[in-house]
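Student: sharing a model that was predicted from the sequence below.
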Amino acid sequence: MAAVLEFRTEAKPDHGLIFVYDSDAYLPDNDTAERSRQTVVAGIGPQLYIRSLQGTSPAEIVLRVWDGPVTGGSLGERDAFCPAVLDCPTGTVTIRAFSPEYAGYIELPRPGVYAALVSWRGREAAAEQEASLLRSLAEPEGQADSDNVFAAHAEVLESYRIDLWWQYESDVEVD
């Protein structure tokens, strides 16, 4: 089985969140965002919320579209994974985070409902890096040279991979 499409970007999580959604569907959902604290990934049809343990360093985000189902055993070295669904009636997916605000737009091969398997690695290491950054900034030397402190703690340790495969047509009509 081959990947039909692959998109890679880096972005700092917005208050610990990375948003993946259909381009016409960005309406914040606090309940789903809160649920992601327990499950790492939570979704409501056209939106996925991915919960990071930090918000100061970039995370790598990889979105892949496959021509068939992906299983947890085929993910390689990942810490964990969570199944989800992404309803994308426009065929355009937006990835949004804090910096840059819009980490990317991806045109899927076709609009519709996609099964998803979201996997991750490095969440704890990124959280430890953020804690070290905050400790360094609290020291007098860190306050005097915050640019160098941030630069020393900017390694990308956290990675999220969103594997999608088409399931069926969306019930939502696009105007």
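Tutor: Received it, and whenever you're ready, just let me know what you need.
Student: what lines up beside the host helix or strand of residue 167 in the sheet?
Tutor: Counting by DSSP states H and E, the element that carries residue 167 is strand 158-168. Partners of strand 158-168 in the sheet, by DSSP bridges, are strand 59-66 (parallel), strand 112-121 (antiparallel).
Student: now the ones you listed in a markdown table, please, with extra columns for distance to residue 40 and mean neighbour count.
Tutor: Where you see a C-beta, it was placed from the backbone N, CA and C, and this is true even at glycine. Putting these into a markdown table (distance: least, Cβ to Cβ, whole Å; neighbours: other Cβ atoms under 10 Å) gives the following:
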| stretch | distance to residue 40 | mean neighbour count |
| --- | --- | --- |
| strand 59-66 | 12 | 20 |
| strand 112-121 | 7 | 21 |
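Student: these: which one's closest to residue 5?
Tutor: Between residue 5 and the strands paired with strand 158-168, the tightest spacing by Cβ to Cβ is seen for strand 59-66, at 4.1 Å.
Student: what's the mean pLDDT across that closest one?
Tutor: For strand 59-66, mean pLDDT is 93.
Student: out of the strands paired with strand 158-168, the one nearest residue 155 is which?
Tutor: Among the strands paired with strand 158-168, the nearest to residue 155 by Cβ to Cβ is strand 59-66 (11.1 Å).
Student: after that closest one comes which helix or strand?
Tutor: Immediately after strand 59-66, counting by DSSP H and E, sits strand 80-88.
Student: by mean pLDDT, which helix or strand of the chain comes out lowest?
Tutor: The weakest-scoring helix or strand in the chain, judged by mean pLDDT, DSSP states H and E, is helix 140-144 (a mean of 74).
Student: roughly how far is that helix from the heart of the chain?
Tutor: 32 Å (Cα atoms, centre = their mean, to the nearest Å).
Student: the helix ranked longest in the chain packs against which elements?
Tutor: As assigned by DSSP state H, the longest helix anywhere in the chain is helix 123-138. Using 3 or more Cβ pairs under 8 Å, 6 or more residues apart in numbering; DSSP states H and E, the elements in contact with helix 123-138 are helix 146-152, strand 158-168.
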